[in-house]
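Asker: Below is the structure, and that's it, no one-letter string:
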């Protein structure tokens, strides 16, 4: 069954791992963290425990690097039974600062796609995470001019998207979301009768994984490079 | 000289220390922090050093509790020359979590004012800080229904407000900002020809202090309780 995109007025792009690399830096940070604490536990176990800690703290800290760093500090103290050195904690703080200050690495074809689509559609960035961090990345990316504005959501659930559509003053069928996370960028949109296109990134955070049952009967297209958008939307 | 508010279409309210108590909790946290480290330095000195650390980290972490906690951890390690215990660091993390989870304490007259003004104006919340934190406070506050939406800005400079007005699609003279910070809620608005009303809170963060020179020639009114808005705007 063909999907008809002819009603679309606004295209929302997820940012992290859709426009630029992000998850890779978190994976690198986790590995660095686990190595620093490897005298207390196996790397694998540390990785699992850190994920649990992040999930435990998610409702308090939300998404983004700062919450991730706070969870690493808490985990280091817990894993080491209060024996971790101040030096290691300082290193953890620096991992976070380095993540925040990293240059932005655009994914393939991003600029070409945005340039072409911005002539036909209103483009916005729709991201979760830290507002300052995301604004800064957008600025560093050189992509600012292609976008009407940036919407940072505290989470990407159906109600967050519904509020967004109300705010944009458009019908669900006039909105297309493009992103790498089925859980955050695709399924909630299909559930509220908007449209979504999935562009997988090679790495997916465990928290963003979805089961096959969640995908059942959901009507969306998957593309394997962002430039495939051009033939679908032009 | 009278100020004419008859053009106003949208009224923006700052949140922290305008609608609800906030700064007080930061002051309490700073004192608790300083007491925990009082074996290394005087309380006064710790307070000054923590403020410097926050300023040093502001461009990286931005506003909000999480950056504040990360600065406290960094400061504790630095002040103690790497001798602070894991137990103290855990306590610092808990100070942060408790701040985030605090119930919302509304300031006097807030509900009465919002109820009256929401009948005549489109009301929005305009705040800086952490998006999740601010959304959560708004939800806990019970004030959600009075507001069209919440705008969380990464900072409150003239360009942030200019973008906001563009986004709201109104002229500067149609926007009135109400808030407790001269630096963030009043002066930048006057500079872009919008309107602003100052409602001081008893405590002002050092970072928000302004000099008399900055205030010179700026045309705005100061009220001493929020309910004074009703006679100005009705």
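Answerer: Cool, the structure landed. Because the structure is predicted, anything quoted here is derived from the model rather than measured.

Asker: C-alpha only now, for contacts and for neighbours.
Answerer: Will do.

Asker: for residue A:218, what are its contacts?
Answerer: A:187, A:190 (C-alpha atoms under 8 Å, 6 or more residues apart in numbering or on different chains).

Asker: tell me how far the helix ranked longest in chain A is from the chain's mean position?
Answerer: Counting residues, the longest helix in chain A under DSSP state H turns out to be helix A:43-61. Helix A:43-61 sits 17 Å away from the centroid of its parent chain (C-alpha atoms, centre = their mean, to the nearest Å).

Asker: same question, stretch A:196-214
Answerer: Put simply, stretch A:196-214 sits 11 Å off its chain's centre (C-alpha atoms, centre = their mean).

Asker: quick one: the helix or strand of chain A with the lowest mean pLDDT to chain centroid distance?
Answerer: Within chain A, no helix or strand scores below helix A:212-215, which has a mean of 74 by mean pLDDT, DSSP states H and E. Distance of helix A:212-215 from the chain centroid (C-alpha atoms, centre = their mean) equals 20 Å.

Asker: quick one on the thing from earlier: output the contacting helices and strands for the helix or strand following the longest helix of chain A.
Answerer: The C-terminal neighbour of helix A:43-61 among helices and strands, as given by DSSP states H and E, is helix A:65-79. Counting contacts by 3 or more C-alpha pairs under 8 Å, 6 or more residues apart in numbering or on different chains; DSSP states H and E, helix A:65-79 is packed against helix A:43-61, helix A:86-101, helix B:65-79, helix B:86-101.

Asker: winner for burial among these?
Answerer: Among those, helix B:65-79 has the highest mean neighbour count (mean count of other C-alpha atoms under 10 Å in any protein chain shown), at a mean of 22.

Asker: What mean pLDDT does that helix get?
Answerer: Mean pLDDT, helix B:65-79: 98.

Asker: Please report how far the nearest residue to residue A:42 once chain neighbours are set aside lies from chain B.
Answerer: Spatial nearest neighbour of residue A:42, excluding adjacent residues (C-alpha to C-alpha, 6 or more residues apart in numbering or on different chains): residue A:34 at 7.9 Å. Look at residue A:34 and chain B: by C-alpha to the nearest C-alpha, to the nearest Å, they are 18 Å apart.

Asker: Could you do residue A:114 as well?
Answerer: Using C-alpha to the nearest C-alpha, residue A:114 is found at 21 Å from chain B.

Asker: Buried residues in whichever strand or helix holds that residue, which are they?
Answerer: Taking DSSP H and E as the criterion, residue A:114 maps to helix A:110-117. Judged by neighbour count (16 or more other C-alpha atoms under 10 Å in any protein chain shown), helix A:110-117 contains these buried residues: A:110-111, A:114, A:117.

Asker: wait, what's in contact with residue A:151?
Answerer: For residue A:151, counting by C-alpha under 8 Å, 6+ apart, the contacting residues are A:124-127.

Asker: Show me those residues that map onto strands.
Answerer: Mapping the contacts of residue A:151 onto strands (DSSP state E) picks out A:124-127.

Asker: count of neighbours near the residue lying closest to residue A:63 once chain neighbours are set aside?
Answerer: Distances taken as C-alpha to C-alpha, 6+ apart put residue A:129 closest to residue A:63, at 4.5 Å, once the chain neighbours are dropped. By other C-alpha atoms under 10 Å in any protein chain shown, 22 other residues sit near residue A:129.

Asker: Was I right to think residue A:129 contacts residue A:153?
Answerer: Yes - the criterion here is C-alpha atoms under 8 Å, and residue A:129 meets it with residue A:153 at 7.5 Å.

Asker: Compute the distance between residue A:31 and chain B, please.
Answerer: Counting by C-alpha to the nearest C-alpha, the gap from residue A:31 to chain B is 21 Å.

Asker: On the three-state scheme, that residue is what?
Answerer: Under DSSP: H, G, I helix; E, B strand; the rest coil, the three-state class of residue A:31 is helix.

Asker: what's it in contact with, if anything?
Answerer: So, once contact is read as C-alpha under 8 Å, 6+ apart, residue A:31 ends up touching A:43, A:47.

Asker: residues from chain A in reach of chain B?
Answerer: Contact residues (C-alpha under 8 Å from any C-alpha of the partner chain) of chain A with chain B: A:60-62, A:66-67, A:70, A:74, A:77, A:82-84, A:86-87, A:90, A:93, A:97, A:100-101, A:130-132, A:135, A:152-154.

Asker: burial measure for the nearest residue to residue A:113 once chain neighbours are set aside, as a count.
Answerer: In space, and not counting its chain neighbours, residue A:113 is closest to residue A:227: 5.8 Å by C-alpha to C-alpha, 6+ apart. Residue A:227 has 17 neighbours, counted by other C-alpha under 10 Å.

Asker: hang on, residue A:227 packs against residue A:111?
Answerer: No - Residue A:227 is beyond contact range of residue A:111, at 9.5 Å (criterion: C-alpha under 8 Å).

Asker: And the helices and strands packed on helix A:65-79: which comes nearest residue A:29?
Answerer: The closest of the helices and strands packed on helix A:65-79 to residue A:29 is helix A:86-101. By C-alpha to C-alpha, the value is 6.6 Å.

Asker: Compute the inter-axis angle for that closest one and helix A:65-79.
Answerer: 160 degrees (axes from the mean of the first three to the mean of the last three C-alpha atoms, to 10 degrees).

Asker: Looking at helix A:86-101 now, give me its mean pLDDT.
Answerer: For helix A:86-101, the per-residue pLDDT averages 97.

Asker: Could you give the separation of it from the chain centroid?
Answerer: Remark: helix A:86-101 is offset 21 Å from the chain centroid, using C-alpha atoms, centre = their mean.

Asker: between that helix and helix B:43-61, how big is the angle?
Answerer: Using the same axes, to 10 degrees: helix A:86-101 against helix B:43-61 is 40 degrees.

Asker: Could you name the helices and strands sitting against helix A:86-101?
Answerer: Applying 3+ C-alpha pairs under 8 Å, 6+ apart, we find helix A:86-101 packed against helix A:23-36, helix A:65-79, helix B:43-61, helix B:65-79.

Asker: What are the structural domain limits within chain A?
Answerer: A:10-20+A:104-233, A:23-101 (automatic domain parsing).

Asker: Out of the ones you listed, which gets the lowest mean score?
Answerer: Averaging pLDDT over each of the domains of chain A puts domain A:10-20+A:104-233 lowest, since it has a mean of 92.

Asker: First residue to last residue on it, what's the distance there?
Answerer: From its first residue to its last, domain A:10-20+A:104-233 covers 12 Å (C-alpha to C-alpha, to the nearest Å).

Asker: Any idea how far that domain is from the middle of the chain?
Answerer: 9 Å.

Asker: now do stretch A:223-234
Answerer: Relative to its chain's centre, stretch A:223-234 lies at 20 Å (C-alpha atoms, centre = their mean).

Asker: Identify each buried residue in it, please.
Answerer: In stretch A:223-234, counting by 16+ other C-alpha under 10 Å, buried: A:223, A:225-227, A:229.
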